[in-house]
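Engineer: What follows is a predicted structure for the sequence shown.
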Amino acid sequence: MGKLLSVEAIIIGNYTVLSNTIKLTLKALDSNTGFVIAASMKDLPIDGDAGALLGINVPSANSETNNNNSNRGFNRPLNSNENINNSETVNKECEDKNIGDYCFEDKSNKSVKVSLRIHRGGFIYDNFGNMELSPNQTQCFYNKEARSYMYSIGDTTDSNKILGNGEILVEKCKSKTFTIK
């Protein structure tokens, strides 16, 4: 491989995102023999640049929102309107039951209706959950199966008016909140 690429060494590695750091592991391999000629492991702080690369929002050091509940999507990047909640509030049987919680917070100036649906075999199944929210109200769907759901947000005064829709991911043993703006 070394002759083919005209290189003497190949660098390989991986990273793991932890709560406040990225654990980085790198190895330099001799391209002719495959033997490790150098290796290093380092914990790097997650700053704005690293967060942007990983698709997570990291508040700046002087930000008032810099706390342990900052927007960090460990299994996938979070939606821009999505935040992680305290996981201690999730049902303690979440691991066995494969469930999580998902909340919606209405920061708009009107009452809204939120509906959850799923796709199975090309069909859309409605009524996996409905709720009505007044402005500045938060409500949650508790103990939902960990999976992807489609949501729609409608105007409560006009049942035909859809204000928004998209996809959310309920994750096992996690609680998230989606803010409606």
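Structural biologist: That came in fine, so what should we check first?
Engineer: use CA for all of it now, contacts and neighbours both
Structural biologist: Fine.
Engineer: which residues in the chain form strands?
Structural biologist: Shown for the chain, the strands assigned by DSSP state E span residues 9-17, 21-30, 36-45, 82-84, 99-106, 112-120, 123-133, 138-145, 147-155, 158-170, 175-180.
Engineer: quick one: buried residues of the first one?
Structural biologist: Pointing back at strand 9-17 there. Neighbour-count burial for strand 9-17, with 16 or more other C-alpha atoms under 10 Å as criterion, is recorded at Ala9, Ile10, Val17.
Engineer: Let me see the contact set for the second one.
Structural biologist: What it means is Ile10. Ala28, Leu29, Asp30, Ser31 (C-alpha atoms under 8 Å, 6 or more residues apart in numbering).
Engineer: which one of those is nearest Ile153?
Structural biologist: Of all these, Ala28 has the smallest distance to Ile153: 51.3 Å, by C-alpha to C-alpha.
Engineer: I figured the closest one was touching Gly34, is that so?
Structural biologist: No: look at Ala28 against Gly34 with C-alpha atoms under 8 Å: they stay out of range, at 9.1 Å.
Engineer: Mind checking which of those two has more residues around it?
Structural biologist: Ala28 (18 against 13; other C-alpha atoms under 10 Å).
Engineer: Name the residues linked to that one by a beta bridge.
Structural biologist: Applying DSSP bridges to Ala28 gives these bridge partners: Ile11, Ala38.
Engineer: likewise Ser175?
Structural biologist: Here Ser175, judged by DSSP bridges, has bridge partners Asp101.
Engineer: residues near it, how many?
Structural biologist: For Ser175, the number of neighbouring residues by other C-alpha under 10 Å comes to 25.
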